[in-house]
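Asks: Just to be clear, the model below is a prediction. Sequence and coordinates:
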Amino acid sequence: MKYFVVITLLALACVLAFNQLADAVSVSDGGDVVIIETENYEVHWKKAAQMGYTTAIVDGNAIIEGDSEGRRLYHSANYAGWKDWGALESWEVVEESPGMAVVKFVSNDGDRKEYTVMATYYDAVEFIRHEVTVTNVGNQAVSSFSDGHEPQFEIRGPSDGLTGWDAPIPHNAFWNSAGFGALYTETGTQTAFPDWANGAGNGRMHLDFADLGVDLQPGDVSDPIVYWVAFGAGGEAEANALADIVTAPVVAAVQAKDKLATTWGTLKAIR
């Protein structure tokens, strides 16, 4: 009987270990892009200007795609002309566990603003937490966040609709036959432009943190802004419903699906 219990414990431990590996967030170098894969999606972060998401795949279907696209989701500010996120200067995985990974992306806009993005990816939910700070690397003052284009998402592809909401938190989304892409904020505002640029239906959407912008002197680092990016199955209703839970990602990630709840301590207590 004792040996049976031991074998059972080892088997359950193996199941727990496999479950953790299966739930891992994978981050890899894809050459021209950084590739992040979770249970819910695969996204590509472009290295060349403008850095940012260029491809998002859900259930094998591409909501957006085109790793050579120059402008998809990025920041832009108007001082001495419009300055966008430049190429990726550096990236690294700064935290990794079976259920999440934090990736640090750094880019310069070619003038005074260096952007640092701390992106947190969870294994079981559609949304990604972005924490963004700005360092003034120039020799004149510059506003940390301004002009309502920080961030902006240019769809540049098929879209069946695009809209925004102010409650329960400001958020906006587009959707097509493959799924939806969305932006969420607790501290900014949102705008949506359904018919902008590449033809009716492609569109563009923004989050605006200008009210949090401050003048940075050379060498200063801004306080962070936080917003969420999401890619998921479904459309308008699913993107809108996600606003109820998106600002509590750790709790939502744990509750989003059934996981093996048994811990090794519990297993050791079995007799």
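Replies: In hand now; what should we look at?
Asks: alpha carbons only for contacts and neighbour counts from here, please
Replies: Will do.
Asks: Low-confidence stretches in the stretch 1-150 of the chain?
Replies: Applying pLDDT under 70 to the stretch 1-150 of the chain flags the ranges 1-23.
Asks: ok, now with 50
Replies: 2-22 (pLDDT under 50).
Asks: how about the helices of it, start to end?
Replies: For the stretch 1-150 of the chain, the helices defined by DSSP state H, counting those that start in this stretch cover 2-22.
Asks: what bridges to the closest residue to D29 other than its chain neighbours?
Replies: In space, and not counting its chain neighbours, D29 is closest to I35: 6.2 Å by C-alpha to C-alpha, 6 or more residues apart in numbering. Beta bridges link I35 to S28, H44, judged by DSSP bridges.
Asks: now I35: how far from E42?
Replies: Distance from I35 to E42, counting by C-alpha to C-alpha, to the nearest Å: 7 Å.
Asks: Not counting its own residues, what contacts stretch 53-70?
Replies: With C-alpha atoms under 8 Å, 6 or more residues apart in numbering as the test, stretch 53-70 has contacts from 32-33, 40-46, 48-51, 72-73, 155, 157, 175-181, 231-233.
Asks: Could you work out the end-to-end span of that stretch for me?
Replies: Start-to-end span of stretch 53-70 (C-alpha to C-alpha) is 10 Å.
Asks: what distance separates that stretch from the centre of its chain?
Replies: Relative to the chain's own centre, stretch 53-70 is displaced by 13 Å; criterion: C-alpha atoms, centre = their mean, to the nearest Å.
Asks: From the contacts of stretch 53-70, keep the buried residues only.
Replies: Buried members of the contacts of stretch 53-70, scored by 16 or more other C-alpha atoms under 10 Å, are 33, 40-46, 48-51, 72-73, 155, 157, 175-176, 178-181, 231-233.
Asks: I'd assumed K47 was in contact with the residue nearest to D29.
Replies: No. Under the criterion of C-alpha atoms under 8 Å, I35 is not in contact with K47, lying 10.6 Å apart.
Asks: Show me which of the two is the more surrounded one.
Replies: Taking other C-alpha atoms under 10 Å, I35 and K47 do not tie; K47 has more neighbours (25 against 19).
Asks: for that one, what are its contacts?
Replies: Listed by C-alpha under 8 Å, 6+ apart, the contact partners of K47 are D32, V33, V34, A87, L88.
Asks: Tell me which residues of stretch 90-102 come out buried.
Replies: Neighbour-count burial for stretch 90-102, counted by 16+ other C-alpha under 10 Å, picks out W91, E96, P98, G99, M100, A101, V102.
Asks: which one of those residues sits closest to R112?
Replies: Each of the buried residues of stretch 90-102 was scored against R112 by C-alpha to C-alpha, and W91 proved nearest at 19.8 Å.
Asks: mind checking how far the nearest residue to that closest one once chain neighbours are set aside is from G86?
Replies: Using C-alpha to C-alpha, 6+ apart and skipping residues adjacent in sequence, the residue nearest W91 is F105, 4.6 Å away. For F105, the distance to G86 (C-alpha to C-alpha) stands at 11 Å.
Asks: same thing with R72?
Replies: The gap separating R72 from G86 is 13 Å, by C-alpha to C-alpha.
Asks: Quick check: neighbours shared by those two?
Replies: Residues touching both R72 and G86 (C-alpha under 8 Å, 6+ apart) are Q50.
Asks: And the residue nearest the centre of the chain?
Replies: Closest to where the C-alpha atoms of the chain average out (C-alpha atoms, centre = their mean) is I128, at 3.3 Å.
Asks: quick one: that one and Y121 touch, right?
Replies: Yes. With contacts counted by C-alpha under 8 Å, I128 reaches Y121, the gap being 5.2 Å.
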